[in-house]
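>>> Below: sequence and its predicted model.
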Amino acid sequence: MSTQLPMSMEHHPDIVALREQYERASVTPRAQAVEALAVVAGLFLAVSPWVVGYSAAFSALSVCNLILGLAFAGLMGGYGTAFERTHARAWACALIGAWTVIAPWAINGGAHVRRTILTNCITGGLMLCLALAAAGMATSMITTRRARSGG
C-alpha cells in the first residue's frame, strides 16, 4: 500500500475550490433562468421560419436560422450540467446573437419582409443579452474569486 497522495492537478485545492464555486453558480435561480430562456430562444429561432411563415420565400435565411438556433440552444444548454467547462461558450453565443440580428440584411440582400426582420432582431437581441448575461456570470465569478484570494 502506498501512502503517497495523488499528484494530478485534478486534486489540487484550487481546482477543487473552483469546481465548487462553479457548481454553486450553476444552481442559482439566475443561472437556471438564463439557461432556460436561452434554450427556448435558440429553439424558437430554429423553428421561426416555419412558425412565422417565411421559410419558402427566404430559404437561405431559413437554413441559417435553423442551424444557428440549434447551435445556440446546444451551446447554452450546457450550463446546468457542466458550467465549469461551458461558460466560455457564452462569447460564441453572443456572436450568434449578433449575427442573427444582421442576418436578414446580410443573407437576403435587398429583399426584406417585416416579419423576417422583426423575428431576427427581437430573437437575436434576446439571444445576445442572454449570452452576455451568462458571460457576465462567469466573469463576476472569476473576479470574486481573485478578490477573495488576494490576487
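Right, received. Where do you want to start?
>>> Flag the shaky bits of the chain, pLDDT-wise.
Within the chain, the stretches with pLDDT under 70 are 1-27, 79-87, 110-111, 138-151.
>>> hmm, try it at 90
1-35, 53-58, 76-91, 108-115, 134-151 (pLDDT under 90).
>>> Quick check, residue 65 in contact with residue 44.
No - contact criterion CB atoms under 8 Å: residue 65 and residue 44 do not qualify, at 9.5 Å. From N, CA and C alone the C-beta is placed, and that goes for glycine too.
>>> neighbour count winner among those two?
Neighbours per residue (other CB atoms under 10 Å) separate residue 65 from residue 44, with residue 65 holding more: 30 against 19.
>>> tell me which residues in the helix or strand that one falls within are buried?
In this assignment (DSSP states H and E), residue 65 forms part of helix 59-76. Residues of helix 59-76 classed as buried under the neighbour-count rule (16 or more other CB atoms under 10 Å) are 61-62, 64-66, 68-69, 71-73, 75-76.
>>> Reformat the residues you listed as CSV; add distance to residue 37.
CSV is the format used below for the buried residues of helix 59-76 (distance: CB to CB, whole Å):
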residue, distance to residue 37
61, 23
62, 23
64, 21
65, 18
66, 20
68, 17
69, 14
71, 16
72, 11
73, 11
75, 14
76, 9
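>>> For residue 126, state which of the residues you listed is nearest.
residue 72 (10.6 Å; CB to CB).
>>> Just give the closest residue to that closest one, not the sequence neighbours.
Nearest non-adjacent residue to residue 72, counting by CB to CB, 6 or more residues apart in numbering: residue 42, 3.6 Å away.
>>> Lovely, talk soon.
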